Structures are given as C-alpha cells and as structure tokens.
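In: The amino acid sequence is not available; the structure is as follows:
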C-alpha cells in the first residue's frame with residue numbers, strides 16, 4: 001500500500017469517527033430498563049434537586065436559564081452527590097412508569113450539572129472529553145453512575161431509556177446539556193405529578209424562543225435539535241414544522257403559516273453559566 005493510499009485510508013477512518021460526534025445517537029432500547037410495575041405505590045422524593053435548582057438556576061431576561069456554577073457551595077455539592085446516590089439506589093424497575101420518567105430526567109440533569117462542576121471552569125461541555133474513544137467529544141459516553149448494578153452514561157439515559165421507552169419528542173425539552181443552545185434547565189424538578197405540565201411548558205418555552213425557531217426574511221431557522229433528532233419529530237421538514245405549529249404562539253404562529261421547509265439550523269454550545277469562564 002502506497003503512502004498516499006495509507007493516508008487516504010486513515011482519513012476515511014477519521015471521518016467515520018468524527019462524523020458521529022456531530023450527529024445524534026439513534027434511539028435503541030436497553031431492554032432491561034423497559035421493566036416497570038404499574039401497581040407500584042413507591043413515590044420518589046425530588047426535593048433535594050428542587051432546592052438546588054431553585055438556588056442556582058437563574059432565569060435571564062433573554063429567556064435563557066443560566067446556572068451559577070461558580071457559586072455552588074461545598075455543602076450543596078455534597079447534597080447534589082447525595083441526591084444522585086439516592087436515585088441510583090432506587091429499584092427503578094419496581095417503580096411505575098409515571099415515577100420512572102422524572103427519575104431518569106432528573107438524574108440526567110443532575111449528572112450533567114455535577115460533571116460540569118467537576119471540570120469547572122470550562123467554556124463548553126464539549127471540552128469535557130471524558131467519553132471513551134480517541135475521537136470522543138464531551139462527557140456523554142462516560143459511565144457516570146451505577147443503577148441496579150448497571151453502569152449508566154448520559155447517552156444511555158437519553159437514547160437507550162428515555163427516547164425509546166416514552167417515544168415523546170418533548171423529552172428533548174426536559175433534558176439539559178449545559179449549553180446556551182439547549183432547552184432550559186428548569187427552576188424546579190420534574191415529578192410524577194407535574195410531568196405533563198413540565199413537558200408542555202418546556203416545549204412552548206423553547207419553540208417560542210429564537211434559539212428554538214425563528215423566521216427571518218420569510219425563512220425558517222431552527223435549533224439543530226430538529227436536525228439531529230428529526231426522526232423524533234416526524235423524520236422530515238414537514239414533521240418538524242407540524243410539531244412547531246402545535247406549540248407556536250403569537251407572531252411565530254402566524255409566521256409559520258405557509259412555511260414548508262427549514263432554511264437552516266444552528267446550536268450554541270457555550271456553557272450555560274452565569275459567568276463566562
């Protein structure tokens with residue numbers, strides 16, 4: 001094999017590894033987590049996470065919630081660890097699905113905040129390159145917690161549990177990736193009681209914010225979420241637009257009339273902190 005041929009082959013390998021970093025993992029059920037007990041009377045306590053969110057998530061006048069990572073005290077970091085440990089100790093498969101959903105959503109978000117705190121200050125969560133693989137990007141592939149004897153990563157929670165089990169596109173508005181382009185980290189915890197309202201409010205808030213969808217010069221620009229996960233929103237522009245129309249309000253609702261295609265998408269990966277590192 002000539003030198004140039006070897007170089008070309010290497011570039012192909014590099015491309016194969018790099019391209020998935022900009023794409024989204026497919027929803028693929030991790031069978032073990034499909035189990036649940038519809039008759040379960042176990043209820044989860046998310047008060048600890050609720051307190052943390054109320055203390056450190058700051059809604060901005062621009063509609064973006066930011067996290068005061070730099071202000072988190074040692075005591076509150078220990079409390080966050082305790083909350084995560086408590087969730088990890090729960091017999092998840094013995095819960096009802098109504099209780100499982102907020103457990104997984106809150107665990108995902110709490111783990112994301114903790115991994116940022118462990119590496120803070122960083123300009124972007126994508127700089128926390130702890131996932132396995134030479135070309136891995138960010139922390140999403142790293143096994144961060146053990147639940148019922150299974151090591152679990154953020155990717156596992158989002159793409160192997162939440163998306164395939166609930167098949168609800170609003171999941172994308174509930175999990176937060178610590179970035180300005182992401183749907184907001186909420187100021188309260190999800191619970192079994194507020195889950196439906198939580199998802200609806202999150203969908204409305206993101207879609208009606210410019211980082212979710214906006215019309216410029218008669219063209220539709222959207223978050224890259226709708227590109228990466230288009231299969232969850234109908235699989236094409238028409239499906240995404242139909243989803244947007246279902247939640248659009250005011251000027252956006254009117255502007256979407258007659259729109260049949262998406263012009264472009266974008267995403268802001270800067271950290272959602274109150275202070276720029």
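Out: Perfect, I can see it now. From a predicted model like this one, the values you see are computed outputs, not experimental measurements.
In: can you give me the helices in the stretch 1-150 of the chain?
Out: For the stretch 1-150 of the chain, the helices defined by DSSP state H, counting those that start in this stretch occupy 3-22, 47-56, 74-88, 97-119.
In: If we ignore the residues flanking it in sequence, what's nearest residue 83?
Out: In this structure, residue 83 finds its nearest non-sequential neighbour in residue 48, 4.0 Å apart by C-beta to C-beta, 6 or more residues apart in numbering. The way it works is simple: take the backbone N, C-alpha and C, and place the C-beta from them, glycine included.
In: make that residue 155, sorry
Out: Counting by C-beta to C-beta, 6+ apart, the residue nearest residue 155 is residue 140, at 4.6 Å.
In: where are the low-confidence patches of the stretch 1-150 of the chain?
Out: Low-confidence segments of the stretch 1-150 of the chain, defined by pLDDT under 70: 1-23.
In: so which of the helices of the stretch 1-150 of the chain gets nearest residue 172?
Out: Of all the helices of the stretch 1-150 of the chain, it is helix 97-119 that lies closest to residue 172, at 11.1 Å by C-beta to C-beta.
In: That closest one packs against which elements?
Out: Helix 97-119 sits against helix 47-56, helix 74-88, strand 143-147, helix 154-155, helix 163-166, helix 195-207, with contacts defined as 3 or more C-beta pairs under 8 Å, 6 or more residues apart in numbering; DSSP states H and E.
In: Would you tell me which of these gets closest to residue 66?
Out: Of these, nearest to residue 66 by C-beta to C-beta is helix 47-56, at 9.4 Å.
In: Mean neighbour count and distance to residue 67 added to the helices of the stretch 1-150 of the chain, as a markdown table?
Out: As requested, the helices of the stretch 1-150 of the chain are exported to a markdown table (neighbours: other C-beta atoms under 10 Å; distance: least, C-beta to C-beta, whole Å):
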| stretch | mean neighbour count | distance to residue 67 |
| --- | --- | --- |
| helix 3-22 | 11 | 24 |
| helix 47-56 | 18 | 6 |
| helix 74-88 | 15 | 12 |
| helix 97-119 | 21 | 7 |
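In: So for residue 189, which of these sits nearest?
Out: Nearest to residue 189, of all these, is helix 47-56, at 4.2 Å by C-beta to C-beta.
In: Turn the helices of the stretch 1-150 of the chain into CSV, including distance to residue 151.
Out: Listed next are those as CSV, based on distance: least, C-beta to C-beta, whole Å:
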stretch, distance to residue 151
helix 3-22, 21
helix 47-56, 22
helix 74-88, 11
helix 97-119, 13
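In: so who does residue 86 touch?
Out: With contact set as C-beta atoms under 8 Å, 6 or more residues apart in numbering, residue 86 has these partners: 45, 48.
In: go with 10 Å
Out: 44, 45, 46, 48, 49 (C-beta atoms under 10 Å, 6 or more residues apart in numbering).
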